[in-house]
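*Asks:* Curious how this folds, go ahead:
(one chain, ligands or ions: 1)
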Amino acid sequence: TDCTIKGVGASDAIYDGSDFKIAIVHARWNEQVIKALLDGTISSLCGFKVKRENIFIESVPGSYELPYITHLMADSHKYDAVISIGVLIKGSTMHFEYIADAVSQGLMQSQIATKTPVIFGVLTCLTEEQALQRAGLTPDGHNHGEDWGAAAVEMAAKRHL
Ligand SMILES: O=c1[nH]c(NC[C@H](O)[C@H](O)[C@H](O)CO)c([N+](=O)[O-])c(=O)[nH]1
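*Replies:* All right, here's what the predicted structure looks like:
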């Protein structure tokens, strides 16, 4: 990446995810990148002591389908957080913009309406290289799934503030 100040700051506490049930909904478009993001997310959750049997994974065809299934899972109140993962790569039309906007609005509305934290794990990339970098698949890359796992545990810990 081309910046030195970007990135999430250290959290204000160490969060213990051992009692949390976390759902992951992921799209299947751009599956090589999706797989790396999914692996990074799962390993991050396990790093926060979330039990593997408490991680529930569902897939959907593409990112446009993320909000619906994410909403169903968030509204079930069976999970302490839902992580929604997709990879949008700009093509030669405006399709990318419309999907990205609809998905981000939809996911935000779900978490507010259901009071279940929804982590925005949708990469909106202008090039394939950007997607590979943000899945940690290039030497200079960083797997954003690691940040999404951490965010899910922190938000789950804070959902009854
Ligand atoms: O997840 C993605 N879905 C994409 N399209 C499919 C879309 O999400 C829906 O699955 C489809 O429109 C059917 O509803 C993409 N592109 O079109 O480029 C993309 O890059 N990523």
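*Asks:* Reduced to three states, what does the nearest residue to Lys115 once chain neighbours are set aside come out as?
*Replies:* Nearest non-adjacent residue to Lys115, counting by C-beta to C-beta, 6 or more residues apart in numbering: Arg159, 6.9 Å away. Quick note: C-beta positions are derived from backbone N, CA and C, even for glycine. Classification of Arg159 by DSSP: H, G, I helix; E, B strand; the rest coil places it in coil.
*Asks:* Also Thr138?
*Replies:* Quick answer, by three-state DSSP: Thr138 is coil.
*Asks:* can you count the residues close to it?
*Replies:* By the measure other C-beta atoms under 10 Å, the count of residues near Thr138 is 13.
*Asks:* I'd say it and Leu132 touch.
*Replies:* Yes - counting by C-beta atoms under 8 Å, Thr138 touches Leu132, with 5.1 Å between them.
*Asks:* can you give me phi and psi for the nearest residue to Lys51 once chain neighbours are set aside?
*Replies:* Excluding the flanking residues, the one nearest Lys51 by C-beta to C-beta, 6+ apart is Ser18, at 6.8 Å. Per-residue torsions, Ser18: phi -60, psi -20 (degrees, to the nearest 10).
*Asks:* I'd like the distance between Ser18 and Gly141.
*Replies:* Distance, Ser18 to Gly141, by C-beta to C-beta, to the nearest Å: 30 Å.
*Asks:* More neighbours: which of the two?
*Replies:* A side-by-side neighbour count of Ser18 and Gly141, using other C-beta under 10 Å, places Gly141 first with 17 against 10.
*Asks:* so what's the more buried one up against?
*Replies:* Taking C-beta atoms under 8 Å, 6 or more residues apart in numbering, we find Gly141 in contact with 132-135.
*Asks:* Name the nearest of these relative to Ala10.
*Replies:* Nearest to Ala10 among the contacts of Gly141 is Arg134, at 20.6 Å by C-beta to C-beta.
*Asks:* Let me know the helix or strand that Leu38 is in.
*Replies:* Assessed by DSSP states H and E, Leu38 sits inside helix 31-47.
*Asks:* The closest residue to Leu38 other than its chain neighbours: neighbour count?
*Replies:* Computed as C-beta to C-beta, 6+ apart, the closest residue to Leu38 that is not its neighbour in sequence is His26, at 5.7 Å. His26: 26 surrounding residues under other C-beta under 10 Å.
*Asks:* Wait, a strand at His26?
*Replies:* Yes - when three-state DSSP is applied, His26 is found to be in a strand.
*Asks:* That one touches Ile34, doesn't it?
*Replies:* Yes - at 5.6 Å, His26 counts as touching Ile34 under the criterion of C-beta under 8 Å.
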